[in-house]
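Enquirer: I would like to see how this sequence folds:
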Amino acid sequence: MKLYRAMDYNDMSRKAANIISAQVIMKPNCVLGLATGSTPIGIYKQLIEWYSKGDLDFSRVKTANLDEYKGLTKENDQSYYHFMRENLFCHVNINEANTNIPDGTETDANKEAARYEETIKELGGIDLQLLGLGHNGHIGFNEPSDIFTRDTHIVDLQESTIEANKRFFDTIEEVPKQAYTMGIGTIMSAKKILLVVSGEDKAEILHDVITGPVSPRVPASILQLHPDVIIVADEAALTKF
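Expert: Coordinates of the predicted model:
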């Protein structure tokens, strides 16, 4: 693991965006694995700014998102499809046909999981996978468990994750209780992984991810076994080091 220390959230976002932009510049037809949530927003803003200045070209880039809430339509303003359009896709010259997100409306979980795994294989795999870190150590929506789940699957969200996501909904009852997510094996098959972490509330779990034992009880700890992981974290998230 390579660990880069950032001064604050904005500095973390710039540093991470630099890594992604370098990937796009060096391989214009690269496959980016993308993440949602509050942490990547600053990264996407920076990428949009550089695109607007003519420094980046997304016309040949392909993407595959980590996850999607089960039961939400693309039109739902809390769906990750909507999130990606609002925070990146509508602001750069990416071809929408080259963007891929699990279908939250598919009721047959096995069918959708198999379809998404096949989609990633057809893309040729993921060149750079962007990850955030959950308070309980989840990556994607791979929650603490007794085993590492290999492939894309449907997951029951833990109470801590539902609680963390309730700020995006009018009531906690509206927060989806399940989601489609890339599995740990799918994530680990990416050629390069970029983990971004911000805030003192993530300091303890980040310490466990980097220095603790590899365990499915802390899903992100599996990243210790990947050959090419970059972590960009701000000062607040590194207070345990």
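Enquirer: in the chain, which spans are helices?
Expert: Ranges of helices in the chain, per DSSP state H, are 9-26, 41-52, 80-87, 109-123, 159-165, 184-188, 203-211.
Enquirer: single out the most deeply packed of those.
Expert: helix 184-188 (a mean of 22; mean count of other Cβ atoms under 10 Å). (Glycine included, C-beta is placed from N, CA and C.)
Enquirer: quick one, which of the helices of the chain gets closest to residue 227.
Expert: helix 184-188 (9.8 Å; Cβ to Cβ).
Enquirer: off-centre distance for that closest one?
Expert: 12 Å (Cα atoms, centre = their mean, to the nearest Å).
Enquirer: can I get it in CSV, CA atoms only?
Expert: Output in CSV follows, covering the C-alpha atoms of helix 184-188 (Å, rounded to 0.1, in the frame of the first residue of the first chain):
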residue,chain,number,x,y,z
ILE,A,184,-14.6,-8.4,-2.9
GLY,A,185,-13.2,-10.6,-5.7
THR,A,186,-14.4,-8.3,-8.4
ILE,A,187,-12.9,-5.3,-6.6
MET,A,188,-9.6,-7.1,-6.0
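Enquirer: give me the contact list for that helix.
Expert: Identification of contacts with helix 184-188 by Cβ atoms under 8 Å, 6 or more residues apart in numbering yields 33, 66, 117, 120, 129, 131, 139-140, 142, 148-152, 193, 216, 219, 222-223, 225-226.
Enquirer: same thing with stretch 79-96?
Expert: Identification of contacts with stretch 79-96 by Cβ under 8 Å, 6+ apart yields 34, 36, 40-41, 44-45, 47-48, 51-52, 56-59, 61, 63, 65, 67-69, 72-76, 99, 101, 104.
Enquirer: of those residues, just the buried ones, ChimeraX syntax please.
Expert: A single ChimeraX command selects the buried members of the contacts of stretch 79-96 (16 or more other Cβ atoms under 10 Å):
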select :34,36,40,41,44,45,47,48,51,56,58,61,63,65,67,68,69,72,99,101,104
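Enquirer: which of the contacts of stretch 79-96 fall within strands?
Expert: 34, 63, 65, 67, 68, 69, 99 (DSSP state E).
Enquirer: who does residue 218 bridge with?
Expert: Judged by DSSP bridges, the bridge partners of residue 218 are residue 215.
Enquirer: isn't it right up against residue 209?
Expert: Yes. Checked against Cβ atoms under 8 Å, the pair residue 218 and residue 209 is within contact range at 6.2 Å.
Enquirer: any idea how far the closest residue to residue 64 other than its chain neighbours lies from residue 66?
Expert: Spatial nearest neighbour of residue 64, excluding adjacent residues (Cβ to Cβ, 6 or more residues apart in numbering): residue 100 at 4.6 Å. Distance of residue 100 to residue 66, given as Cβ to Cβ, to the nearest Å: 11 Å.
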